[in-house]
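Only the shape, not the letters, is given here:
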């Protein structure tokens with residue numbers, strides 16, 4: 001899952017980035033309201049974790065923007081703030097936040113709340129995804145075909161999962177690259193990395209006699225088709 005953390009407390013931000021990266025999330029961050037607006041405008045996220053007291057303004061403005069934009073309306077929003085008054089929590093929830101956690105908090109609780117938001121939004125935290133004999137076990141991040149396990153790298157698993165969740169939809173190369181590398185993509189980014197991962201993923205699926213789930217849509221991207 002791809003998350004954006006908007007937090008200006010450097011020590012807390014570093015702890016969150018380290019923890020959630022270890023948990024398998026694709027993490028990006030912003031340290032001000034302006035940077036947060038830039039990120040959510042240019043990139044898509046499954047969940048945005050936002051503090052309210054930010055350099056440049058109140059984080060509630062970002063919630064208003066997300067909930068007022070049809071393209072971002074389904075993005076999960078979780079507020080983390082030292083503001084503990086009941087009225088403040090009610091206000092943010094009425095504004096459109098999916099959850100509110102008061103600082104200081106335990107990172108494992110924040111993780112559980114993120115997963116709960118994701119379940120409500122998309123149901124994506126089911127334990128597995130199955131297409132015939134092909135099974136993606138999300139909690140273990142493993143792939144099986146029948147009784148055989150297919151050993152994938154982290155990027156290969158992420159590509160397969162992203163395409164599988166978009167079954168029968170054409171997904172552009174740029175969308176896949178953005179999902180995997182986020183705003184770490186720069187002007188020198190080459191799709192050669194993506195092509196190499198796709199090639200290795202296809203080879204491993206073929207060696208497991210899975211069939212060709214990954215269809216190339218020339219000039220555009222790829223499509224996952226259950227066979």
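Ah, there it is. Predicted model only: the values in this text are computed from it and were never measured.

Neighbours of residue 64, how many?
13 (other C-beta atoms under 10 Å). Quick note: C-beta positions are derived from backbone N, CA and C, even for glycine.

leaving aside the residues next to it on the chain, what's closest to it?
Closest residue in space to residue 64, ignoring its immediate chain neighbours: residue 95 at 6.3 Å, by C-beta to C-beta, 6 or more residues apart in numbering.

Now do that neighbour against residue 190, distance only.
Taking C-beta to C-beta, to the nearest Å as the measure, residue 95 and residue 190 are separated by 41 Å.

same check, this time on residue 59
Using C-beta to C-beta, one obtains 35 Å as the distance from residue 59 to residue 190.

And for residue 35?
When distances are taken as C-beta to C-beta, residue 35 and residue 190 turn out to be 26 Å apart.

of those two, who's got more company?
residue 35 (16 against 9).

Just the local confidence number for that one, please.
We note a pLDDT of 92 for residue 35 in this prediction.

That one belongs to a strand?
No - counting by DSSP: H, G, I helix; E, B strand; the rest coil, residue 35 is not found in a strand; it is helix.

What residues does it make contact with?
By C-beta atoms under 8 Å, 6 or more residues apart in numbering, the contact set of residue 35 is residue 6.

One more: the one 5 residues further on?
Residue 40 makes contact with 4, 48, 62, 65-66, 72, 75 under the criterion C-beta under 8 Å, 6+ apart.

closest to residue 129 among those residues?
Distance to residue 129 across the contacts of residue 40 (C-beta to C-beta) is lowest for residue 75, with 21.5 Å.

shouldn't the closest one be in contact with residue 66?
Yes - the pair formed by residue 75 and residue 66 meets the contact definition of C-beta atoms under 8 Å, at 5.5 Å.

which residues do these two both contact?
Each of 40, 48 lies in contact with both residue 75 and residue 66 under the rule C-beta under 8 Å, 6+ apart.

Neighbour count for those two, which is higher?
Counting neighbours by other C-beta under 10 Å for residue 75 and for residue 66 shows that residue 66 has the greater number, 23 against 20.

Just the mean pLDDT for the helix or strand containing that one, thanks.
Secondary structure assignment for residue 66, by DSSP states H and E: helix 60-67. In this model, helix 60-67 has a mean pLDDT of 90.

Please work out which residues outside stretch 77-89 touch it.
Contacts of stretch 77-89 from elsewhere in the structure, counted by C-beta under 8 Å, 6+ apart, are 7, 47-53, 59, 63, 66-67, 92, 96-103, 105, 110, 113-114, 117.

Give me the distance from it to the chain's centre.
Per C-alpha atoms, centre = their mean, to the nearest Å, the displacement of stretch 77-89 from the mean C-alpha position of its chain is 23 Å.
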